[in-house]
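Peer 1: give me the fold of what follows.
(one chain, ligands or ions: 1)
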Amino acid sequence: MIKNVPPMGWNTWNTFAENINEELILSSAEAIVSTGLKDAGYEYVVIDDCWALRERDENGRLVPDPAKFPHGMKYVADRIHAMGLKFGMYSCAGLMTCASYPSSYNREFLDAETFASWGVDFLKYDYCFKPLTADGAGLYRRMGLALAGCGRDILFSACSWGADNTHEWIGSTGANMWRSTGDITDTWESVKDLIKKQYGILPFGGVGCFNDMDMLVVGMHGRGHVGLKGCTDGEYRLHFAAWCLLASPLMIGCDIRNMDEATSRTLKNADLIAIQQDARGARPYIRKMWGTEEDLPVIIRQLADGDIAFGFFNLSDGPANMWYTADDLGVPEISGKVLIGKELYTGEEVRAACGVLSALVPPHSCKVYRLRVVNK
Ligand code: GLA
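Peer 2: The predicted structure follows:
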């Protein structure tokens with residue numbers, strides 16, 4: 001059965017786009033194991049767009065490009081499964097994929113069967129070239145139906161970028177996660193924009209259909225397809241913490257075969273991953289500090305053991321004195337309780353002295369805590 005927590009894995013698109021092949025996929029899968037990412041919880045190895053030939057075969061089936069995948073997809077799946085990992089692939093609900101390869105439009109049942117026969121465990125399903133007269137919800141429901149009946153547990157990862165009010169209908173399609181926003185790029189502006197776009201749509205995510213903020217750019221440093229300017233390690237730490245506290249799927253997008261030490265540490269932060277994977281599945285929520293602009297969100301999530309995940313996020317360009325009351329976290333002074341905890345990147349201890357948590361947060365930076373409610 002598919003676990004009902006936001007998935008974790010690696011996807012080819014952000015760095016490699018059309019430059020994909022069997023060797024890349026298998027060496028990256030090996031790197032997931034050898035670098036400890038598998039032990040940290042990353043399990044899906046996902047081939048994004050550009051894996052197929054431009055034409056279907058004589059039986060109408062999709063064909064992996066033999067120049068890129070000389071042994072076919074079943075072979076790739078078997079090798080990935082033998083490493084204790086899961087295998088993901090990509091298709092599209094519209095007339096073609098976003099990079100103009102064959103899509104699954106009107107071939108949903110046949111393609112779901114094909115993916116199942118190859119041993120696919122995850123299908124990312126895009127939204128490009130949707131005919132204007134077609135109903136997006138209907139197209140996703142078709143694929144949801146086809147996957148449910150294909151005889152294999154295949155996680156359904158919808159990728160309609162929040163278009164056409166996705167949040168209103170995605171829960172009825174059987175999707176396990178849904179892309180709520182447009183494509184990420186490896187820039188500070190993109191990370192900030194994607195976080196701010198969550199303010200109004202958090203009530204539509206969570207258990208059953210996780211709100212996917214897009215694949216991570218952590219560690220790309222400007223290299224690869226969506227590379228552009230790149231971010232600093234501190235910006236990547238904020239990016240990763242926000243995705244974890246907001247319970248987004250964590251799909252790594254950098255070249256994990258060549259990760260530097262800082263990237264590896266960020267991606268394997270066990271305290272943050274535990275928050276993202278929390279079994280209770282409570283929805284996170286965002287508050288903005290009184291009298292401040294939208295660039296100083298506080299992100300909060302209640303956890304299964306009674307702890308609270310809590311983060312000050314400074315998205316602005318100057319330092320910020322951020323504070324929040326224990327009362328607003330559900331712990332009034334009169335309860336006889338107090339909040340204590342530690343910052344999850346530095347280990348620094350924190351205590352809500354006089355019922356207030358506060359921190360001086362540098363620009364483009366965050367302070368994230370796991371808080372425990374204890375007797376005074
Ligand atoms: C869209 C998706 C991306 C990626 C590309 C592939 O832009 O949002 O994540 O899958 O298509 O072409």
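
Peer 1: C-alpha only now, for contacts and for neighbours.
Peer 2: OK.

Peer 1: so the nearest residue to N4 once chain neighbours are set aside, which state does it fall into?
Peer 2: In space, not counting the residues next to it along the chain, N4 is nearest to V207; the distance is 6.4 Å by CA to CA, 6 or more residues apart in numbering. The local conformation at V207, judged by DSSP: H, G, I helix; E, B strand; the rest coil, is coil.

Peer 1: any idea how far V207 lies from G171?
Peer 2: As judged by CA to CA, to the nearest Å, V207 and G171 stand 10 Å apart.

Peer 1: select the longest strand from this protein.
Peer 2: In the chain, assigned by DSSP state E, the strand with the most residues is strand 365-375.

Peer 1: how distant is it from the center of its chain?
Peer 2: Relative to the chain's own centre, strand 365-375 is displaced by 23 Å; criterion: CA atoms, centre = their mean, to the nearest Å.

Peer 1: ditto for stretch 226-234
Peer 2: Relative to the centre of its chain, stretch 226-234 is centred 17 Å away, using CA atoms, centre = their mean.

Peer 1: ok, the residue of the stretch 101-250 of the chain at minimum distance from the ligand - contacts?
Peer 2: Of all residues in the stretch 101-250 of the chain, D183 sits closest to the ligand, at 5.2 Å by CA to the nearest ligand atom. In this structure, D183 makes contact with W161, D214, judged by CA atoms under 8 Å, 6 or more residues apart in numbering.

Peer 1: shaky segments in this structure?
Peer 2: For the chain, residues meeting the criterion pLDDT under 70 lie at 289-293.

Peer 1: which parts of it sit against the ligand?
Peer 2: Counting by CA under 6 Å from any ligand atom, the positions of the chain adjacent to the ligand are D48, D49, C98, A99, D183.

Peer 1: apart from its neighbours in sequence, what residue is nearest the second one?
Peer 2: Nearest-residue entry for D49: Y90, 5.9 Å, with adjacent residues in sequence omitted and distances by CA to CA, 6+ apart.

Peer 1: where does that neighbour fall, phi/psi-wise?
Peer 2: Reported as degrees, to the nearest 10, the phi and psi values for Y90 are phi -140, psi 140.

Peer 1: for it, give the beta-bridge partners.
Peer 2: The bridge-partner assignment for Y90, based on DSSP bridges, gives K124.

Peer 1: what's the burial count for it?
Peer 2: Under the neighbour criterion other CA atoms under 10 Å, Y90 is assigned a count of 22.

Peer 1: please enumerate the helices of the chain.
Peer 2: In the chain, the helices defined using DSSP state H lie at 13-16, 22-34, 37-40, 72-82, 108-118, 136-148, 166-169, 188-196, 233-245, 261-267, 270-276.

Peer 1: which one of those helices lies closest to A359?
Peer 2: The minimum distance between A359 and these falls on helix 233-245, with 15.1 Å, by CA to CA.

Peer 1: got the angle between the closest one and helix 188-196?
Peer 2: With axes from the mean of the first three to the mean of the last three CA atoms, to 10 degrees as the basis, helix 233-245 and helix 188-196 are set at 20 degrees to each other.

Peer 1: residue contacts, A352?
Peer 2: Taking CA under 8 Å, 6+ apart as the criterion, A352 is in contact with T325, A326, V338, L339, I340, S358.

Peer 1: quick one: which of those is nearest the ligand?
Peer 2: Where the contacts of A352 are concerned, and distances follow CA to the nearest ligand atom, the ligand has its nearest neighbour in S358, at 37.0 Å.

Peer 1: nearest residue to the closest one other than its sequence neighbours?
Peer 2: What sits nearest to S358 in space, not counting adjacent residues and going by CA to CA, 6+ apart, is W323, at 4.0 Å.
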